[in-house]
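Colleague: After the sequence you'll find the predicted model.
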Amino acid sequence: MSSTNKTPNLELSQFEPSDIPQWQDDYNADMEKIDEAVDGVLGGLSAHVADTDNPHEVTAAQTGALTEEQGNDIYARQTTGDMTLWVATDGSDTAGDGSEGNPYLTFPHAIRQVPQVVNHTVTINVKPGRYAHSFIIDGFSGRGTINVFGATTLAAAPQFAINNFQVHRCHLGVIVRGFAAVDNNGFSVYNSRNVGFQMCECVGDASKKGAAFYALQGSDIVCTSCKATNKNAAFYSNHASSIFLIECSGTGNRYALYADLGGMVIVGSGTNVGGTYPTGAGYGGMIFKTPSSVLVV
């Protein structure tokens, strides 16, 4: 005899001790029910992804406060290939198209043309001049790299003068080359990984204010052939951040190297940064010198 008890959803067989099952009939019937149920689920999934124009479509119901158009734009804001943009002091943010012959005027306008998810190489080339604004890269992620290129040598960096350069909340490669920052805090990185500064400099005055290169909130940066002069701290790492120095230089600073709140400064080959105090540390800050990895403070 077949089982008299069935499961509530698919009505599969449940046997009592007194039942004498007809195994083949019960088994085949149960398999047909399971197959029909699976087919229904797969059919629903197929209908959901049938829209080949936007397989990741997000509806207004799924995004809550977002409209359907805004939700779908989440997936549109990613790179589809390498990008190259240009910025120049005689460019235009209205008539420019970002090409070398028709550049943008400001870095903020150029970076706004870059999708927030970067899976390719984005290069923003900056022509010589004085740019009286901050260069800020904020909130980018992906498998790619954002390059911002000015001078090709440290000596030429003053020809590419900016207020400051900031990298915030970025989780991809960022390489900044050949700029001179004039603000008290020249080059700062907040909650970002894999940031490199190359041939950049920050020169202060007799007041020795700010930090030339500043890493905070778990950031990792590498400074190569960079220069810091007349600053309160030339290279400053805090809040579990790290700065690795390669062939960096500078004079006239109050602190050449400073680390606190679990931050690290790692001094690599060819680095010679001068200061009234060669090193300083507090609250678990550490300074290492390679290649022996000697803990200095």
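Modeller: On my side now, so go ahead.

Colleague: Okay, domains of the chain per the record?
Modeller: Residue ranges for the domains of the chain, per automatic domain parsing: 5-73, 78-295.

Colleague: out of those domains, deepest packed?
Modeller: domain 78-295 (a mean of 19; mean count of other CB atoms under 10 Å). Backbone N, C-alpha and C define where each C-beta goes, glycine included.

Colleague: roughly how far out does that domain sit from the chain middle?
Modeller: 14 Å (CA atoms, centre = their mean, to the nearest Å).

Colleague: Spell out the secondary structure type for P108.
Modeller: At P108 the chain is in helix, as set by DSSP: H, G, I helix; E, B strand; the rest coil.

Colleague: so who does it touch?
Modeller: Contacts for P108 (CB atoms under 8 Å, 6 or more residues apart in numbering) come out as H133, S134, F135, I136.

Colleague: How about R193?
Modeller: Contacts of R193 (CB under 8 Å, 6+ apart): C170, H171, G218, S219, D220.

Colleague: bridging residues for it?
Modeller: Under the criterion DSSP bridges, R193 forms beta bridges with H171.

Colleague: What separation is there between it and A240?
Modeller: 12 Å (CB to CB, to the nearest Å).

Colleague: intersection of neighbour lists for these two?
Modeller: Joint contacts of R193 and A240 (CB under 8 Å, 6+ apart) are G218.

Colleague: now the strands: where do they sit in the stretch 51-200 of the chain?
Modeller: 83-87, 121-126, 129-138, 141-149, 160-168, 171-177, 180-181, 187-190, 193-198 (DSSP state E, counting those that start in this stretch).

Colleague: Dump those to CSV, plus mean pLDDT.
Modeller: Shown next, in CSV, are the strands of the stretch 51-200 of the chain (pLDDT from 0 to 100):
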stretch, mean pLDDT
strand 83-87, 98
strand 121-126, 98
strand 129-138, 98
strand 141-149, 98
strand 160-168, 98
strand 171-177, 98
strand 180-181, 98
strand 187-190, 98
strand 193-198, 97
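
Colleague: Go through those strands and name the closest to A212.
Modeller: Among the strands of the stretch 51-200 of the chain, strand 187-190 comes nearest to A212, with 6.8 Å by CB to CB.

Colleague: Packing partners of that closest one?
Modeller: strand 160-168, strand 211-216 (3 or more CB pairs under 8 Å, 6 or more residues apart in numbering; DSSP states H and E).

Colleague: Make CSV from those strands and add distance to C202 to it.
Modeller: As requested, those are exported to CSV (distance: least, CB to CB, whole Å):
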stretch, distance to C202
strand 160-168, 8
strand 211-216, 4
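
Colleague: Only C-alpha atoms, please: export stretch 273-285 in CSV.
Modeller: Output of stretch 273-285 as CSV, limited to C-alpha atoms (Å, rounded to 0.1, in the frame of the first residue of the first chain):
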residue,chain,number,x,y,z
VAL,A,273,64.7,63.4,5.9
GLY,A,274,66.0,66.0,8.3
GLY,A,275,64.3,67.5,11.3
THR,A,276,64.9,69.0,14.8
TYR,A,277,63.7,65.6,16.0
PRO,A,278,64.5,62.8,13.6
THR,A,279,61.7,60.7,15.0
GLY,A,280,58.7,60.9,17.2
ALA,A,281,56.0,58.5,18.4
GLY,A,282,53.1,58.2,20.8
TYR,A,283,50.3,55.8,21.7
GLY,A,284,51.8,52.7,20.0
GLY,A,285,53.3,54.5,17.0
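
Colleague: average model confidence for that stretch?
Modeller: Mean per-residue pLDDT for stretch 273-285: 95.

Colleague: Go ahead and name everything in contact with it.
Modeller: Residues contacting stretch 273-285 (CB under 8 Å, 6+ apart): 228, 233-235, 237-238, 245, 248-264, 287, 296-297.

Colleague: Among these, which ones are in strands?
Modeller: Judged by DSSP state E, those include 228, 233-235, 237-238, 245, 249-260, 264, 287 as members of strands.

Colleague: Wait, a strand at A37?
Modeller: No. A37 sits outside any strand when classified using three-state DSSP, being helix.

Colleague: all numbers from here: first residue = 19
Modeller: Okay, using 19 as the starting number, the last item reads as A55.

Colleague: For it, report the pLDDT, please.
Modeller: 70.

Colleague: Also the one 4 residues further on?
Modeller: The score at V59 is 56. That number is its pLDDT.

Colleague: Same question for the one 10 residues further on.
Modeller: D69 carries a pLDDT score of 49 in this model.

Colleague: OK, contacts around C244?
Modeller: Taking CB under 8 Å, 6+ apart as the definition of contact, the neighbours of C244 are L172, F205, F215, Q216, M217, C218, E219, A230, F231, L263, C266, S267.
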